[in-house]
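K.L.:
just the structure for this:
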Amino acid sequence: MNLNNNRAARAIALVYSACCYVVFLITFLYLIGFVGSVAVPKNINDGPLLAWPLAVLINCALILLFGVQHTVMARKGFKRWLAAVIPTSVERSTYVLLSSLVLVLMFWLWQPMTLTVWEVETTWAKGLLIGLFWLGWGIALLATFLIGHFELFGLKQPIDRWRRATPQAPEFRTPLFYKIVRHPLYLGFLIAFWATPHMTAGHLLFSMGMTVYIFIGASFEEKDLVALFGERYRRYQQEVGMILPWAKSRKKDAE
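P.N.:
A predicted model of the protein is given here:
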């Protein structure tokens, strides 16, 4: 009976994680359309216009909510608390689910600010920016597969639990993009957020807010990686830029 219950629990965890992944995938695709104004019911410039102060307040609150949720749930203390509530195998899936739901809330409540900051009309320059937009998303997606896409988004853990696979210790690797920057995922997002031929005030606020969060979030992540990999990661910090290829550690520059 206990074996059956254990198998049922593992099956439920697997189905739950698969559903969380599907929600993430739909949300990720919608995010591309939302930022790029491509094939979605509501993009970053759609919706009734509010007074500027109120629109700025709502949009900043949404960005802050996203940043706080991402940062707090990624901390070890929160993970330990969450592990006492839900199985460890679905902790990452729950993080991914809540992150996706916060993004859905952002899509729904985002207030357009349609003042044009810049608009590129030259054909070659417009094509270049559109190409960079898609390149950014491509870099971000490929970066996840280079380090373990399905583990990053919470599918591998319940699959391993279902198969009763022995957990493997984290392995320090620097494939492809990771030889150029330590966080190519974030670099891809930055390119995608900023590369647009038509930058509105709302899009600019979104890009600025997410850029601030990316650098703050990367700094927190760096501390966790140093704690995990120690001196090996410290050497990596000195040799490779965090998000921008040319922005290497000051310690390295001083040597």
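
K.L.:
quick one: the strands in this structure?
P.N.:
Along the chain, counting by DSSP state E, strands occupy 116-119, 198-200.

K.L.:
could those be laid out in JSON lines, adding distance to residue 154 and mean neighbour count?
P.N.:
Every residue, glycine included, has its C-beta placed from N, CA and C. Shown next, in JSON lines, are the strands of the chain (distance: least, Cβ to Cβ, whole Å; neighbours: other Cβ atoms under 10 Å):
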{"stretch": "strand 116-119", "distance to residue 154": "37", "mean neighbour count": "11"}
{"stretch": "strand 198-200", "distance to residue 154": "34", "mean neighbour count": "18"}
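
K.L.:
can you tell me which of the ones you listed is nearest to residue 75?
P.N.:
Nearest to residue 75 among these is strand 198-200; the distance by Cβ to Cβ comes to 33.7 Å.

K.L.:
for the closest one, packing partners?
P.N.:
strand 116-119 (3 or more Cβ pairs under 8 Å, 6 or more residues apart in numbering; DSSP states H and E).

K.L.:
rewinding a little: dump the strands of the chain to a markdown table, plus mean pLDDT and distance to residue 10.
P.N.:
Below are the strands of the chain laid out as a markdown table (pLDDT from 0 to 100; distance: least, Cβ to Cβ, whole Å):
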| stretch | mean pLDDT | distance to residue 10 |
| --- | --- | --- |
| strand 116-119 | 97 | 51 |
| strand 198-200 | 97 | 48 |
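
K.L.:
which residues in the stretch 51-200 of the chain form helices?
P.N.:
Taking DSSP state H, counting those that start in this stretch, the helices of the stretch 51-200 of the chain run over residues 52-73, 76-83, 91-109, 123-147, 149-152, 156-163, 184-194.
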